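Participant: here is the input, now give the coordinates:
(4 chains, ligands or ions: 4)
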Amino acid sequence: MMYSPKVMQHFSNPQNVGEIPDADGVGEVGNPVCGDLMTIYIKVKDNKLSDIKFKTFGCAAAIATSSIITTMAKGMTLEDAVKISRNDVAKELGGLPPQKMHCSNLAADALKLAIENYRRKLQGLPPRTGVTEGEEEHAEDGASCPPEEHK
Amino acid sequence: MMYSPKVMQHFSNPQNVGEIPDADGVGEVGNPVCGDLMTIYIKVKDNKLSDIKFKTFGCAAAIATSSIITTMAKGMTLEDAVKISRNDVAKELGGLPPQKMHCSNLAADALKLAIENYRRKLQGLPPRTGVTEGEEEHAEDGASCPPEEHK
Amino acid sequence: MKRIYLDNSATTKVSPEVLDAMLPFFTENYGNPSSLHTMGQEANVAVQAAREQVAKAIGADAGEIIFTSCGTEADNLALVGTAYANRKKGDHIITSSVEHPAILRTCEYLEKEGFKVTYLPVDNYGMVSPASVEAAITPQTTLISVMAVNNEIGTIQPIKEIGNIAKDHKIYFHTDAVQGVGKIPLNVKNDNIDMLSLAGHKIHAPKGVGALYVKKGTRIQALIHGGGQERNMKSGTENVPGIVGLGKACEVGIRDFDKNVAHMTKLRNKLMEGILKIDHVHLNGHPTIRSPNNVNASFNFIEGESLVLFLDMAGIEASTGSACSSKNLKASHVLLACGMNPEEAHGSLRFTNSELNTGEEIDYVLETLPGIVDRLRAMSPLYKK
Amino acid sequence: MKRIYLDNSATTKVSPEVLDAMLPFFTENYGNPSSLHTMGQEANVAVQAAREQVAKAIGADAGEIIFTSCGTEADNLALVGTAYANRKKGDHIITSSVEHPAILRTCEYLEKEGFKVTYLPVDNYGMVSPASVEAAITPQTTLISVMAVNNEIGTIQPIKEIGNIAKDHKIYFHTDAVQGVGKIPLNVKNDNIDMLSLAGHKIHAPKGVGALYVKKGTRIQALIHGGGQERNMKSGTENVPGIVGLGKACEVGIRDFDKNVAHMTKLRNKLMEGILKIDHVHLNGHPTIRSPNNVNASFNFIEGESLVLFLDMAGIEASTGSACSSKNLKASHVLLACGMNPEEAHGSLRFTNSELNTGEEIDYVLETLPGIVDRLRAMSPLYKK
Ligand SMILES: Cc1ncc(COP(=O)(O)O)c(C=O)c1O
Ligand SMILES: Cc1ncc(COP(=O)(O)O)c(C=O)c1O
Ligand code: FES
Ligand code: FES
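Facilitator: Ligands and ions are numbered 1, 2, ... in the order given. Modelled structure (predicted):
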């Protein structure tokens, strides 16, 4: 399997799927043209993430990273949660294939953005979006993985 | 097998191998550089080939064509024997692989030369030789047969 | 768990008949066909017999078949081999925008080497129009290459019409028939095909062997140089068991052609009808002029890799043209060429059956798929009920 | 009739261990390694495992192994791939005059494309001198390619010394080790090898699979373009069973290396000594620095094809470098390069054993051969007692 057991576990049984209608912060990142779009919803209480949910359109890695980051972040202080890096996510999942590393970026970015938008809201600023449009190349380094093309 | 059963039969059990010490005519053709050298010895009686023998350095096709031409020619008149063509030889053998067709030439040439040298002798002329030296390309057409190289 | 293999356009199971034909050549008749001795000559005879079988399946002569190591090598040999050998005549190649990467990447390589390539557009069904082929021809055109059957969406191209145009203009016509053999009738003489690629592993022969038909008299040069095997067009010791397997598969494929096509078509139609009942789903490729074994549909709001992996967890093996499953993250070039938007292209799913699949398997897929689609849509930010 | 196979440098029997490892990949785990589903990923894991096995056998890293379809393709990829990718740096290649046609014909192709090639001479034993390599280097030299073990005469080349010279001059060093693997110790790191070719069918793996080791960082471009398999260096669906077989054969070849080499050497020496007792016979290649499995001798006054066919009728399978068995009717380029005259070269006979041969088989050859030689000499116009 190209994915670690932990990835498959979170992919097949993702945690914290859904929306929070009255979220304190929402982070939406990705690019549907590239096949990925991720939204993270947070509730904040006492400077801590009291609840967190996600919705993701994307590959197994995108779903698994969304799921794991919600389980990692839940209960964390905002300061700690915002520091969760792409590598933290990938490590927690037992590694990701090289061409899928950008998915872990996406999850970390979505969480950061949700927290940022929460803070902007407190300051009365409008939320930012992390959704891009149009074609872009954002693969990190796929050199060592066999590309999948229809045969 | 690349060779017909008839070729293999004449190769494995060649007829009329040997020399005729008091031959009436000797035809020697070929090129040892190319890996083939053939000598045909004839005895003539009443304008007919009363005996015929050969010696050949060469491939299976060379040996088989030498053998078959001696069996074909024995007892023939000189006029008929001199007309035996390369195609007659190849046909009699049930065909030869394309790159081996020149071997059948060789046998027909050797017999012709033996008869010519017999006639020259009658006229008091010295014998001619059909042996060439040095490199030459004499393959007919090997395009459709797999070449054999050491693997 | 019983597994249901519906990815036969990716590769197929070697059939028992084919494996049986191959086995002696591993451990008994293992000679090198170039060797003079009995073992070598037996191998040589087996290779020639396979050449006849392959030739017969496409209406060619045995002397026109070159064995290669895969479909890709056959495609490369056809394109690079004729492009260079006919460079004095011209430097222009016509192909389509929905070809397999074996053609497209090779054309891009040739462009780097100074050749000019026209990539013809297709209609919404992925079909090339013969008129567009004719319109693209220039005095420099030496080669037209259009596939017989598209590997992703199954659309059958009008190769006979294209072959006629090529013939009228005295241009070589190559068709990548890797997905066509055993699925549609092919006859290189009737269809005016000068070169045709095929691959063993798509027709129940093993991986590691393919073939290129090259019409007698075609100017072509080798890609791989050496001992001169395959009439100098593919040097290297022949893959004897693989070649024997390919020969057998061609023989069987022709023998069982009608039966297989009828069976595949039945399964395909059943699956296609069932899938199209799901909401927000549409068929990719031509509704009728398509491979008997191919169903390709896009499922809005969800991404193909997730779909494939959820199906896999349920024991169903299928494939997707989603970018997320590929190195470059671009959605399927075929679906985009058909005019689909990228989001939809990401949600494509391909089922390709074979004569080995059963109606019960299709029933199971139709029972299982809707639930998976629902689950993934429930996770998707794009899906609002 | 029991057959004695002594043509193991032409090709070998697939060993039962290897075949067993391969079999599941035809009919059970027949997935395409690029497919996402379980069947595909299992195939992918198997290919990666084989990559490790091959790498280990030559002291490389798994990421440095590119699977190909044969030794010839590996040689072509090494030469053409680096010649073009480094053309800006220089256009000169050094090789030897005793290489396999897979190298020589490819060099001739490159010459036609404007590259310059030096074909180094060899001594009477067919050996390349490292000093001649060094002397041939110019500022334009980008690649040196010298084989590890000669396929005809078995001479082992000083590749470590040549590798050192290449390293000192920062020139890529490729070695065709198709006849070297399993016969001589090979370690790409110790021997300063940048590229190394090998072929499955010479080491009891099947035909249809080979590999090229390419040191990390080497500039090289693909020969065959397409789906991007093998890190883009050999596109085309992987020959999974073949690759698994090659991996297994490499593992077994290293495991049994000492035992096999001792056995082969014993048989070789016995055969060599026996043959050299026949009149007017001499050994070709180096008397001691030669492959443990190779005996090559010239039999004066007779021609190799006849010899091979008479031996075959007696159940013994061997080979010859005679011109009469080849298309162009030129005697073996290797023997001529060793300074032999053409007549003698035509009378060469090669026996190549493997770990599967026995001492009894050699006894039988030594009983049978002299009678055949006598018979053929009796037919030869060159032989005067
Ligand atoms: C030294 C050498 N190089 C290359 C090759 C070519 O290998 P293959 O026939 O597998 O392409 C061979 C054998 O044929 C060989 O002996
Ligand atoms: C249409 C088409 N052409 C070419 C190929 C390449 O074949 P292979 O993978 O055998 O090289 C494939 C399959 O992968 C294909 O579907
Ligand atoms: S979401 Fe596109 S690669 Fe993961
Ligand atoms: S004697 Fe040379 S090919 Fe027959």
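
Participant: need the residues that contact stretch C:210-219.
Facilitator: Around stretch C:210-219, the neighbours that count as contacts under CB atoms under 8 Å, 6 or more residues apart in numbering or on different chains are C:54-55, C:58, C:60-61, C:63-74, C:77-78, C:82, C:85-86, C:172, C:178, C:188, C:193-200, C:220, C:233, C:246, D:236. C-betas here are computed from N, CA, C, even on glycine.

Participant: go again using 6 Å as the cut-off
Facilitator: Outside stretch C:210-219, the residues within contact range by CB atoms under 6 Å, 6 or more residues apart in numbering or on different chains are C:54, C:58, C:60, C:64-68, C:70-71, C:74, C:77-78, C:85-86, C:188, C:194-199, C:220.

Participant: those also near chain D: which ones?
Facilitator: residue C:70 (CB under 6 Å from any CB of the partner chain).

Participant: so of the contacts of stretch C:210-219, which ones are in helices?
Facilitator: Of the positions in those, C:54, C:71, C:74, C:77, C:78, C:85 sit in helices, assigned by DSSP state H.

Participant: apart from its chain neighbours, what residue comes closest to the residue nearest the centre of chain A?
Facilitator: Chain A has residue A:107 as the residue nearest its centroid, 1.6 Å off, counting by CA atoms, centre = their mean. Counting by CB to CB, 6 or more residues apart in numbering or on different chains, the nearest residue to residue A:107 once its immediate chain neighbours are dropped is residue A:65, at 3.8 Å.

Participant: run through the residues that contact the one you found.
Facilitator: Taking CB under 6 Å, 6+ apart as the contact definition, residue A:65 lies against A:89, A:103, A:104, A:107.

Participant: could I get these in TSV, plus columns for distance to ligand 1?
Facilitator: As requested, the contacts of residue A:65 are arranged in TSV below (distance: CB to the nearest ligand atom, whole Å):
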residue	distance to ligand 1
A:89	46
A:103	41
A:104	43
A:107	48
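
Participant: of those residues, closest to ligand 2?
Facilitator: The shortest distance between ligand 2 and any of these, using CB to the nearest ligand atom, involves residue A:103 and amounts to 26.2 Å.

Participant: and residue A:90, that's in a helix?
Facilitator: Yes. Assessed with DSSP: H, G, I helix; E, B strand; the rest coil, residue A:90 lies in a helix.

Participant: now render the ones in helices among the contacts of stretch C:210-219 as CSV, adding pLDDT.
Facilitator: Shown next, in CSV, are the ones in helices among the contacts of stretch C:210-219 (pLDDT from 0 to 100):
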residue, pLDDT
C:54, 98
C:71, 98
C:74, 98
C:77, 98
C:78, 98
C:85, 98
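
Participant: which element is encountered next along the chain beyond the helix or strand of chain C with the lowest mean pLDDT?
Facilitator: The element with the least model confidence among the helices and strands of chain C, by mean pLDDT, DSSP states H and E, is helix C:342-346, at a mean of 86. Downstream of helix C:342-346, the first helix or strand assigned by DSSP states H and E is strand C:348-352.

Participant: check contacts around the closest residue to residue C:55 other than its chain neighbours.
Facilitator: The shortest distance from residue C:55 to any residue other than its chain neighbours is 4.5 Å, reached at residue C:62 (CB to CB, 6+ apart). When the contact criterion is CB under 6 Å, 6+ apart, the partners of residue C:62 are C:51, C:52, C:55.

Participant: which bits of the stretch 201-350 of chain C sit near chain D?
Facilitator: Listed as neighbours of chain D in the stretch 201-350 of chain C under the rule CB under 6 Å from any CB: C:201, C:206-208, C:224-227, C:235-237, C:239-240, C:242, C:308, C:312, C:317, C:325.

Participant: cutoff 8 Å now
Facilitator: Taking CB under 8 Å from any CB of the partner chain as the criterion, the stretch 201-350 of chain C approaches chain D at residues C:201, C:206-210, C:222-228, C:235-242, C:305, C:308-309, C:311-312, C:317-320, C:325, C:327.

Participant: in strands only, show me those.
Facilitator: The strands in this structure, assigned by DSSP state E, contain C:210, C:317 from these.
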